[in-house]
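>>> After the sequence you'll find the predicted model.
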Amino acid sequence: MKRYRAVLIGCGGMSKAHLRAQHEVSEIDTVAVCDIVEEKLHAVGDAFNIEKRYTDYHVMLAAEKPDIVAIATQGPQHCAATVAAAEHGAHVLCEKPMALDLAEADQMVAACDKAGVKLAINHQATVRPSLKRMRDMIENGDIGEVILVRGNNKSGRKAGNELMEMGTHVFDRMQYIGGAPQWCLAHLTWGGKAATIDDAMDSQEMSPRDRASGPVLGERAYALFGMTRAPVGECQFLGYEKTNNRLYSVDVLGTKGQISLRGTGIQRGKSDLFHLPVPAFYHADLQDEPQWQRIEVPEELDPRLGKESITPILQELIRSIETGSEHPCSGEAGRLNLEMVMAIYTSHLKGQRVSIPLAERAHPLSR
């Protein structure tokens, strides 16, 4: 069995999940960690008994020559760290949001392509058995012709921040089911009125507790997308102050039925995939039958998936390295998720439907 030397850049909030996932993948040996804040660096190093610790990832990459680099920094550092890892011949698993704008995302994809290394973005749901089962049911005709794919976020923050915090997860699921986005029509509000460019602000001004995600806009957001496998994809980011994980879902409406995946697909050992065998336009009294039916997905309980949601992404990364196949959460897929965010801003500011991919790669909120 081939062994893979792995390092971690960024010892913040997501670092522990990445290190636990590396520990769960038998082919991986974690050899070093890096952070510019020594207190965080040593706290994580001590917690995981990792001896080699660096405050400069360029030095770490040159000294350790890793096969895999996990990037768990905040968004502003993702592009430079990914490019550096690729230039050292390392495959990359990068946290979301992939980048702050499409120009950075383009640089990341190009650098990894040039170096011949894999780039994966941490959108975990795409590698879960429940989402695959959902798509299989749709392709098997269980809900008839697909007429709408709806993405739902779990809120807890204003739309501008939520688009970059959890929005890319929502869009990743929508793409897995509905295919690549072709166009976007969106509307953003601030204080009950149409948002303007003057309402744009830094993500940490909008919410100091959130991670740095660059410029953001909007208290609430409403968007429609044309998709290759569905006529319309729909999402709303309504800016509720309270987080509700049960809202976090993707719903697919068809001519013969409806299907919904809540959360990541598994909740307290029970499947979170549901099927309603009636058409989307069926509006029954709450007392009527039929009711939503839980679809069991026993593969979700396979111990080989590990306890960490990142573990299957690392397993897929190794598979894609060894087979040369594309990772389900590839850099190209991650870039399209980010493109959907930027298309929302672009459509709103232009007041019209915009085509995807966007011609302008700079951030639409930059002045």
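That came in fine, so what should we check first? Numbering: from 1, shown residues only.
>>> Could you list the domains of the protein?
4-123+306-329, 126-304+336-355 (automatic domain parsing).
>>> Let me have those domains in TSV, extended by distance to R361 and mean neighbour count.
C-beta coordinates here come from the backbone N, C-alpha and C atoms, glycine included. Shown next, in TSV, are those (distance: least, C-beta to C-beta, whole Å; neighbours: other C-beta atoms under 10 Å):
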stretch	distance to R361	mean neighbour count
domain 4-123+306-329	4	20
domain 126-304+336-355	9	18
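>>> Flag whichever of those domains has the least confidence on average.
In terms of average pLDDT, domain 126-304+336-355 trails the rest of those, at a mean of 90.
>>> so how far is that domain from its chain's centroid?
11 Å (C-alpha atoms, centre = their mean, to the nearest Å).
>>> Confirm H187 sits in a strand?
Yes: under DSSP: H, G, I helix; E, B strand; the rest coil, H187 sits within a strand.
>>> and the closest residue to it other than its chain neighbours, what does it touch?
In space, and not counting its chain neighbours, H187 is closest to Y222: 4.9 Å by C-beta to C-beta, 6 or more residues apart in numbering. By C-beta atoms under 8 Å, 6 or more residues apart in numbering, the contact list for Y222 reads 186-188, 235-237.
>>> Dump those to TSV, plus distance to Y4.
Output for those, formatted as TSV (distance: C-beta to C-beta, whole Å):
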residue	distance to Y4
A186	41
H187	46
L188	43
C235	36
Q236	41
F237	38
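>>> between those residues, which is nearest T311?
C235 (27.8 Å; C-beta to C-beta).
>>> Show the backbone phi and psi for that closest one.
Main-chain torsions, C235, degrees, to the nearest 10: phi -150, psi 150.
>>> Could you measure from the residue nearest to H187 over to I321?
40 Å (C-beta to C-beta, to the nearest Å).
>>> Kindly report the same for K118.
Taking C-beta to C-beta, one finds K118 at 6 Å from I321.
>>> list residues touching both of the two?
H91.
>>> And the helices in the stretch 201-350 of the chain?
203-206, 311-323, 331-350 (DSSP state H, counting those that start in this stretch).
>>> beta partners of the closest residue to S347 other than its chain neighbours?
Leaving aside its sequence neighbours, S347 sits nearest to A186 (C-beta to C-beta, 6+ apart; 4.2 Å). With DSSP bridges as the criterion, A186 is bridged to A223.
>>> now the strands for the stretch 201-350 of the chain?
For the stretch 201-350 of the chain, strands defined by DSSP state E, counting those that start in this stretch occupy the ranges 201-202, 215-216, 220-227, 233-237, 249-254, 258-267, 270-276, 293-295.
>>> Using a markdown table, please lay out those strands together with distance to D56.
Putting the strands of the stretch 201-350 of the chain into a markdown table (distance: least, C-beta to C-beta, whole Å) gives the following:
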| stretch | distance to D56 |
| --- | --- |
| strand 201-202 | 26 |
| strand 215-216 | 28 |
| strand 220-227 | 38 |
| strand 233-237 | 38 |
| strand 249-254 | 41 |
| strand 258-267 | 35 |
| strand 270-276 | 42 |
| strand 293-295 | 49 |
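>>> who wins for proximity to I310 among those strands?
Nearest to I310, of the strands of the stretch 201-350 of the chain and by C-beta to C-beta, is strand 258-267 at 11.5 Å.
>>> I121 is in contact with G331, correct?
Yes: between G331 and I121 there is a contact under C-beta atoms under 8 Å: 6.5 Å.
>>> what is in contact with those two at once?
Joint contacts of G331 and I121 (C-beta under 8 Å, 6+ apart) are M98.
>>> Is the residue nearest to S347 in contact with M342, as I believe?
No: with contact defined as C-beta under 8 Å, A186 does not count as touching M342 (10.5 Å).
>>> Whatever helix or strand D113 lives in - contacts with which helices or strands?
Here D113 sits within helix 102-115, counting by DSSP states H and E. Packing partners of helix 102-115 (3 or more C-beta pairs under 8 Å, 6 or more residues apart in numbering; DSSP states H and E): helix 78-87, strand 119-121, helix 331-350.
>>> C-alpha coordinates for it, PDB please?
C-alpha atoms of helix 102-115 as PDB (Å, rounded to 0.1, in the frame of the first residue of the first chain):
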ATOM      1  CA  LEU A 102     -13.100  33.900 -10.000                       C
ATOM      2  CA  ALA A 103      -9.700  35.300 -11.000                       C
ATOM      3  CA  GLU A 104      -8.200  33.600  -7.900                       C
ATOM      4  CA  ALA A 105     -10.100  30.400  -8.600                       C
ATOM      5  CA  ASP A 106      -8.800  30.400 -12.200                       C
ATOM      6  CA  GLN A 107      -5.200  30.700 -10.900                       C
ATOM      7  CA  MET A 108      -5.700  27.800  -8.600                       C
ATOM      8  CA  VAL A 109      -7.100  25.500 -11.300                       C
ATOM      9  CA  ALA A 110      -4.400  26.500 -13.800                       C
ATOM     10  CA  ALA A 111      -1.600  26.000 -11.300                       C
ATOM     11  CA  CYS A 112      -2.800  22.500 -10.400                       C
ATOM     12  CA  ASP A 113      -3.300  21.600 -14.100                       C
ATOM     13  CA  LYS A 114       0.100  22.800 -15.000                       C
ATOM     14  CA  ALA A 115       1.700  20.800 -12.200                       C
END
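>>> by how many degrees do it and helix 78-87 diverge?
Interaxial angle of helix 102-115 relative to helix 78-87 (axes from the mean of the first three to the mean of the last three C-alpha atoms, to 10 degrees): 10 degrees.
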